[in-house]
Every structure is written in C-alpha cells, then in structure tokens.
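> Sequence plus predicted model, see below.
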Amino acid sequence: MEPMRNPSSARGAVRSTISDLAGFPDERLVDETLAGDRDAFGALVLRHQRGLVNYIFRLVGSRDAATDLSQEVFLKVFVSLDSFDPRYRFTTWLYRIASNRAIDHLRRRQPRALSLSQPASSDEAPAAPVIAGTDPSPDDVLRGRELGSRIQKAIAALPTSYRQLILLRHSQSCRYDEIARITGLPLGTVKNRIFRAREILRARLVDVLGPEAPR
C-alpha cells in the first residue's frame with residue numbers, strides 16, 4: 001500500500017528535491033508524503049536515519065543488523081504512514097516501531113526472556129549527572145573519552161528492557177511520556193526502570209564517578 005495524494009488537494013508548486021524540504025518539520029513532511037511527494041519521505045529518512053541506526057545498534061549490538069533493521073523500520077513507516085497520529089511527535093511513533101522491531105530481533109536471537117528485578121519504589125526518576133567544565137586540558141579530554149567509553153560499555157551490559165529506556169531518555173532525549181508511548185509501558189514503570197538502570201550504571205561506574213556521584 002502506497003501513501004497517495006487526493007488529486008483535489010494538490011498544491012500548486014511541485015517540489016523536486018529533498019533539499020527543498022529540509023526545513024520542514026516532521027509532521028509537515030508526513031503530510032507531504034501522504035499527498036504523494038516521494039521526496040518528502042526521503043527527507044524524513046535523511047533526517048532520522050543516522051540516529052535510528054545508532055539507537056538500534058546500541059540495542060542489538062550489530063551494525064549490520066542495525067542497518068538492515070532500520071531499512072525495515074522505514075519501510076514499515078512508509079506503508080503505515082496514514083495511521084500516524086499527528087497529535088504526537090513523529091519521532092515518538094518512529095521509535096516505537098523501531099523499538100518493537102529491535103526487540104523482536106533480540107527475542108529471535110535469545111528466546112529466553114530476561115528476568116528483571118523489581119525497580120525501586122520511587123516514582124520520580126532523578127536527573128542525570130551533569131559534568132560541567134570549561135576549556136578542558138588534553139588530559140581532561142582523554143579522561144572524558146575514557147569515561148564515555150566506560151559508560152557506553154556499561155549501558156551495553158544492561159538488560160535489554162533497561163538499556164532501551166536509558167537510550168531513549170539520554171541518547172534520543174525523549175520525554176518520559178514519549179517513552180511510555182514508545183514502549184507501551186505505564187509512565188510510573190518507565191520512571192522506575194530508568195531510576196533502577198541509573199542505579200545499576202552508578203554501581204558499575206563507582207570507580208570513575210565516585211561514591212558521591214549525583215543521583
């Protein structure tokens with residue numbers, strides 16, 4: 001099924017290049033795609049492909065698989081575009097489809113479900129640690145890179161359900177309500193699991209963050 005324009009709704013000007021559409025918001029590009037402008041969907045893919053591949057890669061652990069899965073996700077998005085609800089951000093819908101596809105891929109590779117401990121009782125997730133500084137020295141830059149590498153490895157070692165939420169929150173900058181919509185989890189569960197995931201990361205990185213790291 002291909003999204004098509006109702007001829008009676010056609011606009012006067014015909015856009016022929018993706019660059020003409022680069023400044024349009026996602027939701028406008030969706031409208032243009034549904035109206036029959038293939039370049040509008042190309043602009044959506046160009047805008048979100050890198051972030052989507054990186055997100056899926058950090059979930060499934062394989063760059064090749066992430067590239068293949070991202071193509072499947074964009075195909076699913078294209079054929080289902082008329083079901084997009086414009087009351088929500090396009091990225092919320094996109095990452096929900098991507099998350100479901102990535103989780104399905106992981107389940108096929110690892111049929112046995114992961115057992116997760118109950119999250120902490122607090123319903124409010126704390127703010128992420130913020131490291132401030134200006135004009136870093138070369139040593140500071142090196143330490144920052146090493147810390148970044150440690151953090152990425154610690155995130156990769158999280159259970160899939162926790163890793164997904166941390167990536168959506170801190171890599172994709174999704175709000176808690178958007179994460180709930182992407183994952184289909186209750187808002188309180190999202191907050192609790194992110195809180196728990198941060199506690200796990202803090203425990204694994206205590207040697208570099210220190211015992212007094214912000215919560």
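Ah, there it is.

> thought K76 was touching I97?
Yes: with contact defined as Cβ atoms under 8 Å, K76 reaches I97; the gap is 5.5 Å. All C-beta spots, glycine's among them, are computed from the backbone N, C-alpha and C.

> By residue count, what's the longest helix in this protein?
helix 38-60 (DSSP state H).

> Point out the other helices and strands that that one packs with.
helix 26-34, helix 63-79, helix 90-109, helix 138-156, helix 160-166 (3 or more Cβ pairs under 8 Å, 6 or more residues apart in numbering; DSSP states H and E).

> for those, which one sits closest to L201?
Nearest of those to L201, taken as Cβ to Cβ: helix 138-156 at 5.2 Å.

> low-scoring stretches of this structure, by residue?
1-16, 110-148, 208-215 (pLDDT under 70).

> Which segments of it make up each domain?
Here the domain assignment for the chain is 7-109, 138-209, based on automatic domain parsing.

> can those domains go into CSV with extra columns for mean neighbour count?
Output for those, formatted as CSV (neighbours: other Cβ atoms under 10 Å):
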stretch, mean neighbour count
domain 7-109, 16
domain 138-209, 17
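
> can you put the helices and strands packed on helix 38-60 in CSV and add distance to L52?
As requested, those are exported to CSV (distance: least, Cβ to Cβ, whole Å):
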stretch, distance to L52
helix 26-34, 13
helix 63-79, 5
helix 90-109, 6
helix 138-156, 17
helix 160-166, 14
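
> So for N192, which of those helices sits nearest?
Comparing those by Cβ to Cβ, helix 160-166 comes nearest, at 9.9 Å.
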